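1. starting from these lines, generate the structure:
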Amino acid sequence: MSTPTPEELQTMHRYFAVESNNHAWLSSIAPTDERDPLEILQHAYVSAYHWSKVGTEVNEFRANILLAHAHAFCGHGQTALMYVQRYRDYLSRHEVAGWEQGFAVMIDAQVAHVVGDNARHAALYQEAKALVDATEDTGDREVLMLTFVNIPAP
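-> Below is the predicted model of the structure:
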């Protein structure tokens, strides 16, 4: 096997970033008895690694949301909070589409639940619900709901 060209390597990184991201998210919305939190976490890290090689700042933002989500599934509250802070830092500097704001808030609510911050969890859960309900694009709202139904209600 020959060494890939820089262009081929870029293509490979992008392919694995997308595939691992999609696998992690699809696994996170699978029925609870079919979910493997460690597999979700592994794919989230694989995706984040490959995005670090070819992605943009928005890809890093999305990778941090996925890493917070995956760590929350594993019960790693403090690590999940670190990733929440990373994507919140991004949000403090950039406007994002409504669906991305919805994901960010609902994962923040999930993490607040995991760390036992009940007041923050309740407030963020309601904010996430409002953002999901306000999402005008039907497809985006359906995708948001697939994750939102897995966020523990207060």
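2. which residue is nearest the centroid of the chain?
-> The centre of the chain sits closest to L66, judged by Cα atoms, centre = their mean, with a distance of 2.4 Å.
3. that one contacts W25, correct?
-> Yes. Counting by Cβ atoms under 8 Å, L66 touches W25, with 6.9 Å between them. C-beta coordinates here come from the backbone N, C-alpha and C atoms, glycine included.
4. mind listing what's buried along the lengthiest helix in the chain?
-> When the chain is parsed with DSSP state H, its longest helix is helix 6-28. Going by neighbour count (16 or more other Cβ atoms under 10 Å), the buried part of helix 6-28 is H13, R14, F16, A17, S20, N21, H23, A24, W25, S27, S28.
5. please spell out which residues along stretch 44-52 are buried.
-> A44, V46, S47, A48, H50, W51.
6. how close does M1 sit to E8?
-> Using Cβ to Cβ, to the nearest Å, M1 is found at 12 Å from E8.
7. closest one of the buried residues of helix 6-28 to R141?
-> Ranked by distance to R141 (Cβ to Cβ), the buried residues of helix 6-28 are led by W25 at 16.0 Å.
8. and for D140, the neighbour number?
-> Using other Cβ atoms under 10 Å, D140 has 16 neighbouring residues.
9. I'd like the distance between it and Y15.
-> 24 Å.
10. and if you look at A72?
-> 27 Å.
11. what does S47 give?
-> For S47, the distance to Y15 - Cβ to Cβ - is 11 Å.
12. one more: L26?
-> L26 is 16 Å from Y15, by Cβ to Cβ.
13. skipping adjacent residues, who's closest to K53 in space?
-> Excluding the flanking residues, the one nearest K53 by Cβ to Cβ, 6 or more residues apart in numbering is H13, at 4.3 Å.
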